[in-house]
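Trainee: dropping a prediction and its sequence here:
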Amino acid sequence: MGKWTRRAFISAGVLTGGAVVFGIAIRPGNRADKVSALVAGADETLFNVWLKISPDNRVTAIIPHADMGQGVHTTLAMMLADELDADWTLVDFMEAPAHKEYANYALARGYAAGDVEFPSWLVDTVNGIFLLATKSMNLQITGGSTSVPTTGQLGMRVAGAATKAVLLQAAASTWGVPVNELSAHKSTIIHESGAQSATYAELARNAAELNLPVNPILKTADQFTIMGTDVQRFDVPAKVDGSAVFGIDAMPPGLKYATVKASPVFGTGVKSIDESSIQDMPGVRKVINLGDAVAVVADGYWQAKKALDKLAIEFEQGENDAIEQSDIFTRFALAMDQAVRNGEEITDLTRGNADAAMESANIIVDAEYRVPYLSHAPMEPMNCTAWLHDDICEVWTGTQNPLGFAAEVADALDMDIANVRLHNGLLGGGFGRRAFPDYVIQAARIAAEVSYPVKLIWSREEDMRHDHYRQASISRFKAALDSSGKPTAWINQYVDKHDPIEAPHIPYGIENQFIHYTDTKTHVPWGFWRSVDHSLHAFFTESFIDEIAVRAGQDPYRYRRDLLNHEPRFRAVLDLVATKSDWDAPLPENWGRGIAIHKSFGTIVAQVVEVELVAGKVFPRRAFCAVDAGFAMHPDGIRAQMESGIIFGLTAALYGEISIRRGAVAQSNFHDYPMLRMNESPEIETYIINSGEKVGGAGEPGTPAIAPALVNAIFNATGKRIRELPVRLHDLGKEDLGAKDVA
Amino acid sequence: MITLTVNGDAHELDVDPTTPLLWVIREQIGLTGTKFGCGIAQCGSCTVHLDGSPIRACVTPVRSAVGRQITTIEGISDPIHGLHPVQKAWIDEQVPQCGYCQSGQIMSAVALLAGNSSPSDSDIDLAMSGHICRCGTYPRIRRGIKMAAAALRSESEEKEPFNG
């Protein structure tokens, strides 16, 4: 965890148009000087603001995050409104524009009062470990399950509380009474005598002249009136009548359409294009060579797609053209062997002396696991509309990082970022994919070649074959058990470390541990994929702990529980899921039950899944989930995210596999990269613990534990231990049954 | 030129008759509630009704829709009754997450309930398993369908059936 000690100072201003705006300055000093060059030419309503109050007493929370289904606009507005004591029926939201003052960096660099801890991934990003320092200034990312723990806790709540404080102060001076005789209730300030009251709107102009307090007092959980309740999401009504506007729905006047085909093998370029084959096709306007991809622009998407399919394109040959998936795994395995042989292990965590403990072990258990590459496959394929006109570039898309994307467009077109106007629509799924700007850069470069707005839409095939993939990996384990079956040492080696750094760490009280890795480059582009490294390491570690429990002849739930003596929070979550799932109840024949627990993004999740084997096929029938996110700001939102994370994780565990064939991605669409569907989806019950600990995220923590819970359940049902995902690669037919006495 | 009737309105269009209906609805008629997801009838995001039956607009040539009633997500609510009971149930159950697949999901649910006012779980599986929801809203969709079915049943007891 990293720390910033810089203090915030808070200022206020009045926005044109009658709305009073409370702004919180991010950095001390003359911020106009610091940002003027960056915002020159930008829309004048782009203030550094989080909250505004309109004359009709409506409060608008200005949310610097994108909605990709997680309901962040609603949850963050709840946090602001509760601290403000606003009337929830008078609360609106707007998504903040792509602007420096809404960057993660700005928030991270001392928005909040006092010392602030940030998740390591954000610190690293801000410090420019993953990106150039100059680019980190342009991060306005929604990801890492951080919206509630950082923007919400440190931004929205502080803004709401500070604004309430000045509204109270304004009322006190207007009425000539002490502040402590006043209270705020449902967007109104009331004097204790009952003689005087005023709406926030009536007080707003005077209040905005006052300096907002640097350290406003935040509510304690028992004082919450909106946080912790199940309000309805803002975004749902527009998502049931077709009126919700996603990136792909932008319709500027005179719009034309484009689609692209990039070199199937990552990293190679276009060698030649023969346009003669499409010369007579109606509606086709232009063929553009983008270097590593070819775009066709036409009057409609279908015309562009048909022409692109017919267009003769030759791609260059490259050194990766012959690579097969098996070569990649072989390379991983060799690199792991070599690292150990040469003492070149990169240490992840050392505790005690694991090697020595192995020597005195009663039993040694070892296992190797593998996971494949995974694609994000959001329902809305990558798309972006761009239009160069009047010296500006207008961009319509769905992005998890609007500011960063605007900077990429500016770079690609060699123009000032102030001349890029990015309109962020709703995201038809993100899961990490929409943090990568490749499609937006392509759209900008296509737009630069024509005089009209162009909507670039990737086909599903292009989307699946040119993703930024969750890494494939191998993880090897060795554990030492004493005579009672208790683990005394844990050695784990894996390939390809990304983020968050703690993903491979285990909560269990094992005295001697050595966790290490080796990095082996491949030509396959890597990307954040819902829960990132947690998505693989939870599968590895929670499968292996299950294997040890079985080897020790112990119940997998109680074995974990005994190793969590020192972690009461984990234990409470584990106990809750065991109780709710009726862990000890017998199951019908061909059914099995598995458990797993994992902490990610500050939130502990334990899951139990029950599976039924029907003719060798696995059906997850019921899933139970216990979650401790510290405090559930929007409980129904957490339940929705757990359901979502479970189904997303089950899809990956049962079906998900991107494999490399002749250097390119072999899969192309949902027929060969299948998804869990309604008929395969389990019933899900989610139980929430409000432990009062530090608030964690919700968008990702539902995903990691379900894959190990699933394979543990399959083992329980069949005696067959699945160590390589996806499950569908394995034959679980009757002939394999009967090995249940492995322990 | 062809004539298409979408949500009761006739549109004269100059279009290649082999163009998938999806792109005509979105790009030429300008109704963007119907979504592109896969292009090969695998995901259901583009589902619309053709004479009341759910079809995948991404693989349906526009010529096969001529002379028939096309209904999109924008056309299932009713000025008198307001939202369709399926849409109301979707709000009550807080079904959508990203929302991208939901137009298609709702169109299939509406068609299911038009022909079956008390669908069983397996009826729901059969009607809805052609759809993919990457956010995993299936449990809520199931609840939403049951809630809407109950609302439709009580509606039909009280007055004339809803004409979505």
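Mentor: Happy to help now that I have it. Residues are numbered from 1 along each chain as shown, chains lettered A, B, ... in the order given.
Trainee: quick check: residues of the stretch 201-350 of chain A near chain B?
Mentor: A:232-233, A:235-246, A:248-249, A:251, A:257, A:282, A:300-303 (Cβ under 8 Å from any Cβ of the partner chain). Yep, even glycine has a C-beta here, placed from its N, CA and C like the rest.
Trainee: quick check, B:V6 in contact with B:G30.
Mentor: No. Under the criterion of Cβ atoms under 8 Å, B:V6 is not in contact with B:G30, lying 10.2 Å apart.
Trainee: more neighbours: which of those two?
Mentor: B:V6 (21 against 10; other Cβ atoms under 10 Å in any protein chain shown).
Trainee: bridged to the more buried one, which residues?
Mentor: B:D9, B:I70 (DSSP bridges).
Trainee: now it: how far from chain A?
Mentor: 12 Å (Cβ to the nearest Cβ, to the nearest Å).
Trainee: quick one, what contacts that residue?
Mentor: Residues in contact with B:V6 (Cβ atoms under 8 Å, 6 or more residues apart in numbering or on different chains) are B:I25, B:I29, B:L31, B:I70, B:T71, B:T72, B:G75.
Trainee: ok and the residue in chain A nearest chain B?
Mentor: A:G242 (2.0 Å; Cβ to the nearest Cβ).
Trainee: and what about the residue nearest the centre of chain B, helix, strand or coil?
Mentor: Central residue of chain B (Cα atoms, centre = their mean): B:M107, 1.7 Å from the mean position. Following DSSP: H, G, I helix; E, B strand; the rest coil, B:M107 is assigned to helix.
Trainee: quick one: pLDDT of it?
Mentor: We note a pLDDT of 98 for B:M107 in this prediction.
Trainee: got it, and B:S122?
Mentor: 97.
Trainee: can you tell me how far it is from B:R142?
Mentor: 11 Å (Cβ to Cβ, to the nearest Å).
Trainee: any idea which element the residue nearest to A:L210 when sequence neighbours are not counted lies in?
Mentor: Once flanking residues are discounted, A:L210 sits nearest to A:V166: 4.4 Å by Cβ to Cβ, 6 or more residues apart in numbering or on different chains. Using DSSP states H and E, A:V166 falls within helix A:157-175.
Trainee: again with A:M642
Mentor: With DSSP H and E as criterion, A:M642 is part of helix A:635-654.
Trainee: how about B:G144?
Mentor: helix B:138-158.
Trainee: which one of the contacts of B:V6 is nearest A:V573?
Mentor: B:T72 (44.5 Å; Cβ to Cβ).
Trainee: the residue of chain B found nearest chain A: neighbour count?
Mentor: Across chain B, the shortest distance to chain A (Cβ to the nearest Cβ) belongs to B:G33, at 2.0 Å. By other Cβ under 10 Å, 26 other residues sit near B:G33.
Trainee: before we move on, back to that, which residue sits closest to the residue nearest to the centre of chain B, ignoring its sequence neighbours?
Mentor: Going by Cβ to Cβ, 6+ apart, B:M107 has B:T47 as its nearest residue, at 4.3 Å.
Trainee: could I get the contacting residues of the one you found?
Mentor: Listed by Cβ under 8 Å, 6+ apart, the contact set of B:T47 reads B:T34, B:P54, B:I55, B:R56, B:A57, B:S103, B:G104, B:Q105, B:M107, B:S108, B:H131.
Trainee: what about the fifth one, how many neighbours?
Mentor: Per other Cβ under 10 Å, the neighbour tally for B:A57 reads 29.
Trainee: and the second one, by the same measure?
Mentor: Each residue near B:P54 was counted by other Cβ under 10 Å, and the total is 22.
Trainee: so it: helix, strand or coil?
Mentor: strand.
Trainee: what do you get for the one 5 residues further on?
Mentor: Under the three-state scheme (three-state DSSP), the conformation of B:V59 reads as coil.
Trainee: what residue ranges in the chain score low on pLDDT?
Mentor: Assuming you mean chain A. A:1-49, A:100-139, A:214, A:734-743 (pLDDT under 70).
Trainee: let me rephrase: I mean chain B.
Mentor: Short version for chain B, where the test is pLDDT under 70: B:159-164.
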